[in-house]
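[1] here is the input, now give the coordinates:
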Amino acid sequence: QSAVSTRIASLLDANSFVEIGGQITARSTDFNLSAKETPSDGVITGYGVIDGSLVYVYSQDATVLNGTVGEMHAKKIARLYDFAMKTGAPVIGLIDCAGMRLQEATDALNGFGEIYMQQTKASGVIPQITGIFGTCGGGMAMIPALTDFTLMEEKKAKLFVNSPNAIEGNEISKCDTSAAEYQAKEAGLVDFKGSEEDVLAQIRALVTMLPANNEDDMSYEECTDDLNRVCKDLANCAGDTSIALSQISDNNVFFEVKADYAKDMVCGFIKLNGSTVGAVANRTEIYDAEGNLTETMDAVLSARGARKAADFVKFCDAFNIPVLTLTNVTGFKATKCSEANMAKAVAELTYAFADNPPAYEILYYGKRSFASSEGLVYLPGDVDGDGEVSGMTVFTALESGGEALGYEVSLYLPQDESVTPVRYMMEPEYISPDTISQNEQAEKDSQAKEQGKENNTWTVDTDGSGVVRFFLNEQKGWKLSVVDAA
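    A predicted model of the protein is given here:
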């Protein structure tokens, strides 16, 4: 079995792959090309399933003309994108290619344009994932750059626009700019690097976290975790927020993207009650698998970190994935290098959050703020009244047909029957469109509270169940605040 077939078999569920265009070969006859056998014209295309989810896959075969992109090779990939966009399924490309097929000249060059166009059309419509297992240079380097996620084999794979030896003042022994290490750490193009087996496993894991397209959310799965479990060590994870995110996620699942780039900013996907949630968090410390502190950083926002977060938030926005942010920032990174890019990078991040935003709930704990898009909002806090962070407060938006009905607040308490939970209630506060006096504001607030009581629009957790519901009814536009009702 060839390497290309092995990769497809390892990536997809057993016996699920169906090939498309298996009989297509190179059409060009120039430079005696017709005398050479070109099975599938150097790329196998088709569809299959990953954990039951439909995906479309193309895998380049380096044994056929070194996997170079020719006219029919490109048309097969472009046609695969047509199928994927029509059915609303992700596209996964497995790259091992020597670049453009020179024998086919402008036909091959036009083929690159067709692939770029299809990738552009698919952007924000279906997820696009690239795995690099061999050479990916020149015009081929644009393909992973146009996709949403890129994973790279760390030893044999090469990714470059200009080869390391063609860069002025450099040669490969000085700095291998095509290596996975460089592309992940310096360029920020690679989300994950590892062995071929690890790359394929990570692609499978990523597909299970993502929706199939921008309209049909297939990323939900049944939650098998205990929603009432307490994250006892959460306060100790304030420095390394990647650990904090894994702590609050269902079954501690956290898929981090671009982990080696801009390490002061953590971006990735977690599961909350079975739903995929994007996470953006500042980080000041990094711990290894043994719990040893390996790196420390200032609590500042860097230009690289802002761009990293902006790209991630834009992806989440395109596919309607809610975003949870953990923030611990004292200011902006103040260096000459960062100053040259800071304003533009921070503007991109601001735009990403502001463009078509959902209703954001921002909750503060100590000096750190925890925010989430409309849906689930997790806030660690002192929910048992003992003065220590030992539980979790979770806000869930109540909706019907896209119309906001209110909020449900759940207090996840420590598993200790001797603990008396703090009582919470949702208290309506009047928000005036005009400037009014303090006395008028107080009177409006009082009226809002009384109306809430009369209409039974808010309730108090009097039985210690840890659940409070607040229904908006006619009170749209009023602010909700959590108060201690003990």
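
[2] need the phi and psi values for Leu272.
    Torsion angles at Leu272 (phi, psi; degrees, to the nearest 10) stand at phi -130, psi 110.

[3] can I get the CA coordinates of stretch 145-160 in CSV?
    Taking Å, rounded to 0.1, in the frame of the first residue of the first chain, the C-alpha atoms of stretch 145-160 are listed here in CSV:
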residue,chain,number,x,y,z
ALA,A,145,-1.8,29.8,4.2
LEU,A,146,-5.4,30.1,2.7
THR,A,147,-6.7,27.3,4.9
ASP,A,148,-8.0,27.6,8.4
PHE,A,149,-5.6,25.2,10.1
THR,A,150,-2.2,23.8,9.1
LEU,A,151,-0.5,20.8,10.7
MET,A,152,3.0,19.7,9.7
GLU,A,153,5.2,16.6,10.0
GLU,A,154,8.2,17.8,12.0
LYS,A,155,11.2,16.0,10.4
LYS,A,156,10.6,15.5,6.6
ALA,A,157,8.1,18.2,5.8
LYS,A,158,9.2,21.5,4.2
LEU,A,159,7.1,24.6,3.9
PHE,A,160,8.5,27.7,2.1
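
[4] all further residue positions should be reported with the first residue as 368.
    Noted, 368 is the first residue going forward, which turns the last one into stretch 512-527.

[5] and that stretch, what's buried?
    513-521, 524-527 (16 or more other C-beta atoms under 10 Å). From N, CA and C alone the C-beta is placed, and that goes for glycine too.

[6] which two among those are spaced furthest apart?
    Using C-beta to C-beta, these reach their maximum pairwise distance at Leu513 and Glu521, which is 22.2 Å.

[7] what about the closest residue in space to Pro406 that isn't next to it in sequence, neighbour count?
    Nearest non-adjacent residue to Pro406, counting by C-beta to C-beta, 6 or more residues apart in numbering: Val431, 6.1 Å away. Neighbourhood size, Val431 [other C-beta atoms under 10 Å]: 23.

[8] and the gap between Leu693 and Asp543?
    Noted for Leu693: a distance of 35 Å to Asp543, by C-beta to C-beta, to the nearest Å.

[9] cool, Arg596 as well?
    Distance of Arg596 to Asp543, computed by C-beta to C-beta: 45 Å.

[10] the more surrounded of the two?
    When Arg596 is set against Asp543 and neighbours are counted by other C-beta under 10 Å, the residue ahead is Asp543, at 17 against 13.

[11] tell me the SS of the more buried one?
    coil (DSSP: H, G, I helix; E, B strand; the rest coil).

[12] which stretches of the chain aren't confidently modelled?
    For the chain, the stretches with pLDDT under 70 are 368, 584-586, 723-853.

[13] for it, just list every one of the helices.
    In the chain, the helices defined using DSSP state H lie at 370-378, 438-454, 472-489, 509-513, 547-549, 563-576, 608-615, 670-685, 703-721, 805-821.

[14] for those, which one sits closest to Val633?
    Per C-beta to C-beta, nearest to Val633 of the helices of the chain: helix 608-615, 4.9 Å.

[15] and that closest one, what other elements does it pack with?
    strand 621-624, strand 632-639, strand 642-649, strand 690-694 (3 or more C-beta pairs under 8 Å, 6 or more residues apart in numbering; DSSP states H and E).

[16] let's have the buried residues of stretch 512-527 in JSON lines, adding distance to Asp600.
    Output for the buried residues of stretch 512-527, formatted as JSON lines (distance: C-beta to C-beta, whole Å):
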{"residue": "Leu513", "distance to Asp600": "40"}
{"residue": "Thr514", "distance to Asp600": "36"}
{"residue": "Asp515", "distance to Asp600": "33"}
{"residue": "Phe516", "distance to Asp600": "30"}
{"residue": "Thr517", "distance to Asp600": "33"}
{"residue": "Leu518", "distance to Asp600": "30"}
{"residue": "Met519", "distance to Asp600": "33"}
{"residue": "Glu520", "distance to Asp600": "35"}
{"residue": "Glu521", "distance to Asp600": "31"}
{"residue": "Ala524", "distance to Asp600": "37"}
{"residue": "Lys525", "distance to Asp600": "41"}
{"residue": "Leu526", "distance to Asp600": "38"}
{"residue": "Phe527", "distance to Asp600": "42"}
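
[17] these in strands, which ones?
    Counted as lying in strands by DSSP state E, out of the buried residues of stretch 512-527, are Phe516, Thr517, Leu518, Met519, Glu520, Lys525, Leu526, Phe527.

[18] so the third one bridges to which residues?
    The partner list for Leu518 in beta bridges (DSSP bridges) reads Gly498, Phe559.

[19] from Val424, how far off is it?
    Counting by C-beta to C-beta, the gap from Leu518 to Val424 is 14 Å.

[20] need the residues touching each of those two.
    Shared contacts of Leu518 and Val424 (C-beta atoms under 8 Å, 6 or more residues apart in numbering): none.

[21] got a list of what Glu589 touches?
    Gly641.

[22] just give me the neighbour total for Pro531.
    With other C-beta under 10 Å as criterion, Pro531 counts 18.

[23] which residues sit in contact with it?
    Contacts of Pro531 by C-beta under 8 Å, 6+ apart are Asn537, Glu538, Ile539, Cys542, Asp543, Thr544, Ser545.

[24] report the buried members of those.
    Asp543, Thr544, Ser545.

[25] would you agree the first one is in contact with Tyr549?
    Yes: the pair Asp543 and Tyr549 passes the contact test of C-beta atoms under 8 Å, sitting 6.3 Å apart.

[26] run a quick neighbour tally on the residue lying closest to Ala376 once chain neighbours are set aside.
    Using C-beta to C-beta, 6+ apart and skipping the chain neighbours, the partner closest in space to Ala376 is Phe384 (7.1 Å). For Phe384, the count of nearby residues is 19 (other C-beta under 10 Å).

[27] buried sites along stretch 563-576?
    Buried-residue list, stretch 563-576, by 16+ other C-beta under 10 Å: Glu563, Val566, Leu567, Ala568, Gln569, Ile570, Arg571, Leu573, Val574, Thr575, Met576.

[28] quick check: the nearest residue to the first one once chain neighbours are set aside vs Ile417, distance?
    It refers to Glu563. Leaving out its chain neighbours, the residue that sits closest to Glu563 by C-beta to C-beta, 6+ apart is Glu520, at 5.1 Å. According to C-beta to C-beta, Glu520 and Ile417 sit 19 Å apart.

[29] just Lys522 next, same as before
    From Lys522 across to Ile417, the span is 25 Å (C-beta to C-beta).

[30] check Glu589 too.
    18 Å.

[31] quick one: contacts for the residue nearest to Thr405 when sequence neighbours are not counted?
    Counting by C-beta to C-beta, 6+ apart, Ala393 is the residue found nearest to Thr405 once chain neighbours are left out, at 4.0 Å. Each residue near Ala393 by C-beta under 8 Å, 6+ apart is listed here: Leu400, Ser401, Lys403, Thr405, Asp408, Leu432, Gly437, Glu438, Met439, His440, Glu471.

[32] let's have those in CSV, adding neighbour count.
    Listed next are the contacts of Ala393 as CSV, based on neighbours: other C-beta atoms under 10 Å:
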residue, neighbour count
Leu400, 16
Ser401, 13
Lys403, 12
Thr405, 21
Asp408, 26
Leu432, 22
Gly437, 28
Glu438, 21
Met439, 23
His440, 31
Glu471, 25
